[in-house]
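In: just the structure for this:
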Amino acid sequence: MASSCAPAATARLAATLPARRRTFARGLATRNDRRGGARPNRPGAARVPLVFATSTDPKAAAESVDGDIIANNAASLDGKLRTLVVGVADERGDELLAHRNRDPGVLFRHQRWVDAYKLPGQYITITDVDSGKQITKPISVSPYHARSTAPNSDVSVIEILLDSGSDDGDENFFAAAQPPARLKVSPVRGGGFENPLFPEYNLKRAIEHGHSIVCIAGGTRGVGPLRSVMNWPDISSHAGTHPVTLFYLHAGDMETAGQSAAYVQEWDNWREAGAKVVPCYGEFFDDGVFQMQAAIAGSANGGGKFETVLGKDPSKVTVLMAGVSGEESKAVLNIFSTLQKVPKEQILIVSEFALKKGK
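Out: Below you'll find the predicted structure:
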């Protein structure tokens, strides 16, 4: 999706990008050389490891950037859930590497918008320029996907999941929005999935320590940020050697077989990577709890490489939750922490700032 949309987005956003100052940068580099700054490659000069430095101007970091809607695609088979594809003006700034400081070991580069994206679960705020309507949503796929397929583009492409039947008017507005609507896009915010009481515990640490990963998505609000987890290259690699499971709560009615669930077409891709996908149809306390416990016991078929959900050691399990209600969270904690002995500090959540609107 991102690769096919990026060239068109680049053309539309090109006019919004500030002109690059190549000559100015080269002039500064030459002037520093005249002042006696040693070049790392100059014969006889000491070789100093290069350190990349980025802008630390807090005002610049807080400013929104220009964007526009590239596409509005169906995210569910019934079309009620929508994937909003957004192009964000984002200079590469590679030419500014010619700008050397007096310290020959430091190269300055332009801070890109995409540089703030570190982990799945981070979120953005988008504002429609014409109407002023605004929503805050988790990013549902890494913006680096667009960079990898179009590395020379001055546009980063992101996707967010929207519910056209939400009880929030602004979300409904964006769920119906079409190209080429103009947007303002905030900086990427949040720390991804984390435990507020134990900030040292996060998804990256769980992967480094070889944990089994259990993802629990509470309907539309939860599956958006957890899609970014399931599509994250680190998780795809991890799923080949460790159990990775997605429980999709409120995936729709059993009779409709997932017609109203998001990203059904991607479930097989996640399973092929080694992950287990368990859609929990019906109400959580009527059917969801039973389906979750059945999967943990090994009697539910969710595909994937491993039969087990938790692995052999519950102390090496990390649980990610998003969009799960208060009462549901208590039930999930009871299942994993009380009954299965997963340490509470290894149960991570996504920021509620990213989930504060919509269903």
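
In: nearest residue to Glu283 in space, please, no chain neighbours.
Out: His250 (7.9 Å; Cβ to Cβ, 6 or more residues apart in numbering). In this view, the C-beta of every residue, glycine as well, is placed from N, C-alpha and C.

In: now do Ala295
Out: Distances taken as Cβ to Cβ, 6+ apart place Val278 nearest to Ala295, at 4.9 Å, with adjacent residues excluded.

In: just grab the bridge partners of the one you found for me.
Out: Counting by DSSP bridges, Val278 forms beta bridges with Phe247.

In: do Val319 as well
Out: The partner residues for Val319, given DSSP bridges, come to Val214, Ile347.

In: related to what we said a few turns ago, list the contacts of the residue nearest to Ala295.
Out: Shown in contact with Val278 (Cβ atoms under 8 Å, 6 or more residues apart in numbering): 245-248, 291-292, 295, 300, 302.

In: re the thing from before, and the residue nearest to Glu283, how many neighbours?
Out: Using other Cβ atoms under 10 Å, His250 has 25 neighbouring residues.

In: hmm, it is touching Gly219, no?
Out: Yes - His250 is in contact with Gly219 according to Cβ atoms under 8 Å; the separation is 3.7 Å.

In: could you report the distance from the residue nearest to Glu283 to Asn269?
Out: The gap separating His250 from Asn269 is 22 Å, by Cβ to Cβ, to the nearest Å.

In: which residues of the chain fall in helices?
Out: Using DSSP state H, the helices of the chain run over 2-13, 22-34, 58-62, 144-149, 169-176, 203-208, 219-230, 233-238, 264-272, 289-297, 326-333.

In: and Lys312, how many neighbours?
Out: If you count neighbours by other Cβ under 10 Å, Lys312 ends up with 8.

In: from His211, how far out is it?
Out: Applying Cβ to Cβ to Lys312 and His211 gives a distance of 12 Å.

In: need the pLDDT of the residue nearest to Gln122 when sequence neighbours are not counted.
Out: Among residues not flanking Gln122 along the chain, Gly190 sits closest, at 4.5 Å (Cβ to Cβ, 6+ apart). Listed pLDDT for Gly190 reads 93.

In: how close does Gly190 get to Arg205?
Out: Counting by Cβ to Cβ, the gap from Gly190 to Arg205 is 17 Å.

In: for Ile349, which non-adjacent residue is closest in space?
Out: Met321 is the one closest to Ile349 (Cβ to Cβ, 6+ apart), at 5.1 Å.

In: give me the low-pLDDT residue ranges for this protein?
Out: Where the chain drops to pLDDT under 70, the residues are 1-62, 92-110, 145-153, 300, 352-359.

In: okay, now the domains of it?
Out: By the record's domain assignment, the chain is partitioned as 2-185, 194-352 (automatic domain parsing).

In: pick the most buried one from the ones you listed.
Out: Neighbour counts (mean count of other Cβ atoms under 10 Å) averaged over each of these peak at domain 194-352, with a mean of 19.

In: report the separation between Asn301 and Gly169.
Out: 40 Å.

In: still on that earlier bit, near the residue nearest to Gln122, how many other residues are there?
Out: Applying other Cβ under 10 Å, we find 21 residues neighbouring Gly190.

In: from Gly252, how far off is it?
Out: 28 Å.

In: check contacts around Ile207.
Out: Ile207 neighbours (Cβ under 8 Å, 6+ apart): 213, 234-235, 238.

In: now, among these, which is nearest to Val85?
Out: Distance to Val85 across the contacts of Ile207 (Cβ to Cβ) is lowest for Ile235, with 21.9 Å.

In: quick check: that closest one touching Val244?
Out: Yes - counting by Cβ under 8 Å, Ile235 touches Val244, with 6.2 Å between them.

In: quick check: neighbours shared by the two?
Out: Applying Cβ under 8 Å, 6+ apart, one finds that Ile235 and Val244 are jointly contacted by 213, 275.

In: what's the closest non-adjacent residue to Thr256?
Out: Asp78 (7.8 Å).

In: got the phi and psi for the one you found?
Out: Dihedral pair for Asp78: phi -90, psi 0, per degrees, to the nearest 10.

In: if I look at it, how far off is Met230?
Out: Asp78 is 21 Å from Met230, by Cβ to Cβ.

In: check Ser156 too.
Out: Counting by Cβ to Cβ - Ser156 and Met230 are separated by 20 Å.
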